[in-house]
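A.B. asks: sharing a sequence plus its predicted fold:
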Amino acid sequence: MTKDIMFNNSNTLYKLRYEAVFNEAPQKAPKQLTFNTKNAEEAQMQSQSRSPPIPIPMPPSPRQSTEPQSNSHISAGKRSVSPYNVSPFPPPPKVSQLYDVARFDDFVKQNPSVKFVYIQWLDYMATTRVRILPIKEFTRIVYEGQRISIAQGNTGKLQNDTLTPVVNTKGQIYIEPDLRSLRRAHDKDPLKAATVLSYWRSEDGRPLPSCPRNNLELLIIDLRYKHNTTLQVGFEVEVTFLSRDKPLNPFNSQRPQQIYEVVTNIHAWSTLTPTQWLQTPMLAEIATSLSDMGIDLQQFHAESGPGQYKFILPPASPLLAVDTLIQTRQVIAQIAALHGLRATLHPKPFGEKGASSAAHAHISLQPPTRDMDFFVGGVLRHLPALCTFTMPDADSYGRPADNQSSGSTWVCWGTQNRECPLRRVEDGRWEIRCLDGLANTYLVVAGIVAAGMLGLSSASAPSPAAGPVLDQTVAETAEHGDDGEGVELGAGQSLRPGPEVGGYKELDLQVHPSTLDEEGRARYGITRKMPESFDDAYTALRADGALKEALGSEVVRDYLTMKDCEQEMLDKMAEMERREWLIERY
């Protein structure tokens, strides 16, 4: 039984997919310690005449997955080779194989028109890299259990293939498609293709610590089995549609030329003006294309900026949610391109004076009882360092501002308070607001999970004593108003903070943090500013040893090295050139 347990643990941990039957029943304990030849011979004769032992079945894992499967492209009852949900064990598969051939056969049967497959992966700079294979070659790879070999140095290149010190000129990495993310592309795709996200593997098939997707999956498994906790993640996609009506004039050297223009200025939050209505064929094409792929939007609507729209995705398990986000953004950008527009995720596509775009993430904890430990004790505590991943460019820091519902310049949290970078929506459900579309979302969610686990682990320490109850000298309407709008707190005023929950000094903020003076902020435990620049966030991550260790030192080291090179390259560009360089790529 011990062999059985150890074998199945190793088989699941390292994804060996071997099968073995340990047919060993426990033997009867000897009645004497001295060796007796006669007794030994009798025992041997009895064992030969005895019927074969009955194998002892292993009990199922006590922790069964509660995360929902995507029903858009996965057949019921089929086991995923690389499951979003951790499979119970035993038994291992009866046939040792790299890919779930039955799942692939089912996909081909349902999508006979697919002729090509986009094999994709996301690098550290959030650039989607792709290999296009005919379906015949992809089928061969699946059936023969092969991977796609690429030079290891490619993972250390910037968006325009500029080399960085991370580039390793020796060795290979092997791209392994995760068939659970396999979807057919939208009907407008000229290749009649499917799309699949992938891992980075070593030559012998081992997971590479440098792979952002694999790193996230391992942290999700740790969260579940160390803390009996799972997550659901739902993303909001904010994009701005731009037109390129003014072609670049290479002979005009008088002043920088702005390439992109807004599609309409008759635009406001949740409006549908006649000018906006002319864009509904494109919006409908996006929504129906996503639905045909099995990605069902919850809703979409106009945002505040000219030509800006928000598409809201349903919650899913973390890896599935990130995969779906990547595929959704691709559909939006491609359909917009067919209509002659550029759909950009740039946080400030019109510069400092224009509206901003975010990429808010809603994260639900199951069970919800320890959400304070996860989000306040973990995520909030490490938030400045996490901004290196969530807001990964200098242009990202023009978006967060006070009194604009774009987060805050202070490290704080509040229930239904959109002026906080961390908003509590309800028990167990929180929103990360300091996040934009330039980020590698695998690294973002991995950072959030790692920080949250640090909070869960440290929560066993004795809690500090609750602080004194403060007097309330502001009208009751200030405490219960909509985000506390219009409340001005001067030096002689104070507001009774919410009760200290879980022993954390950071309290539930009920007003705009910018309305508080230093004393008022101190009463809510607000003592730290959010990073004001990427350099500030970079410095915070370098100083956060606990978060770096939880994420993996190799991942953090390579990421920071590449960001150094990227920012140095971008800093040489003029402001408009830099902005449009990013708009072209994000």
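C.D. replies: All right, it came through fine.
A.B. asks: where in the chain is pLDDT low?
C.D. replies: Across the chain, the ranges flagged by pLDDT under 70 are 1-97, 245-258, 402-407, 460-502.
A.B. asks: would you map out the domains in it?
C.D. replies: What automatic domain parsing lists as the domains of the chain is 1-24+55-208, 230-389+420-464+533-585.
A.B. asks: how much space separates Tyr559 from Glu519?
C.D. replies: 39 Å (CB to CB, to the nearest Å). C-beta here means a position set from N, CA and C on the backbone, and glycine is covered the same way.
A.B. asks: neighbour count winner among the two?
C.D. replies: Higher neighbour count among Tyr559 and Glu519: Tyr559, with 23 against 12, using other CB atoms under 10 Å.
A.B. asks: Provide a list of residues in contact with the more buried one.
C.D. replies: By CB atoms under 8 Å, 6 or more residues apart in numbering, Tyr559 lies in contact with Tyr124, Thr388, Phe389, Leu443.
A.B. asks: biggest strand in the protein by residues?
C.D. replies: strand 230-243 (DSSP state E).
A.B. asks: neighbours of Ser458, how many?
C.D. replies: 13.
A.B. asks: ugh, wrong one, I meant Gly545
C.D. replies: For Gly545, using other CB under 10 Å, the count is 10.
A.B. asks: offset the numbering so it begins at 34, please.
C.D. replies: Yep, numbering from 34; the last one is Gly578 now.
A.B. asks: quick one: it and Ser586, what's the gap?
C.D. replies: Distance from Gly578 to Ser586, counting by CB to CB: 10 Å.
A.B. asks: how many residues are close by the closest residue to Tyr132 other than its chain neighbours?
C.D. replies: Computed as CB to CB, 6 or more residues apart in numbering, the closest residue to Tyr132 that is not its neighbour in sequence is Val175, at 4.7 Å. Val175 has 23 neighbouring residues, counting by other CB under 10 Å.
A.B. asks: over to Asp325?
C.D. replies: A count of nearby residues for Asp325, using other CB under 10 Å, gives 15.
A.B. asks: how about the contacts made by Gln341?
C.D. replies: Here Gln341 is in contact with Glu271, Val272, Thr273, Phe274, His300, Ala335, Ala388, Ser390 (CB under 8 Å, 6+ apart).
A.B. asks: among those, which one lies nearest to Trp446?
C.D. replies: Glu271 (21.6 Å; CB to CB).
A.B. asks: specify the beta-bridge partners of the closest one.
C.D. replies: Lys343 (DSSP bridges).
A.B. asks: pretty sure it is touching Gly340, no?
C.D. replies: No. Contact criterion CB atoms under 8 Å: Glu271 and Gly340 do not qualify, at 11.4 Å.
A.B. asks: for the two, indicate the residue with more neighbours.
C.D. replies: Gly340 (27 against 23).
A.B. asks: run a quick check on His379 versus Leu471, I expect a contact.
C.D. replies: Yes. The pair His379 and Leu471 passes the contact test of CB under 8 Å, sitting 7.4 Å apart.
A.B. asks: looking at those two, which has the bigger crowd around it?
C.D. replies: Between His379 and Leu471, counted using other CB under 10 Å, the more crowded position is His379 (27 against 21).
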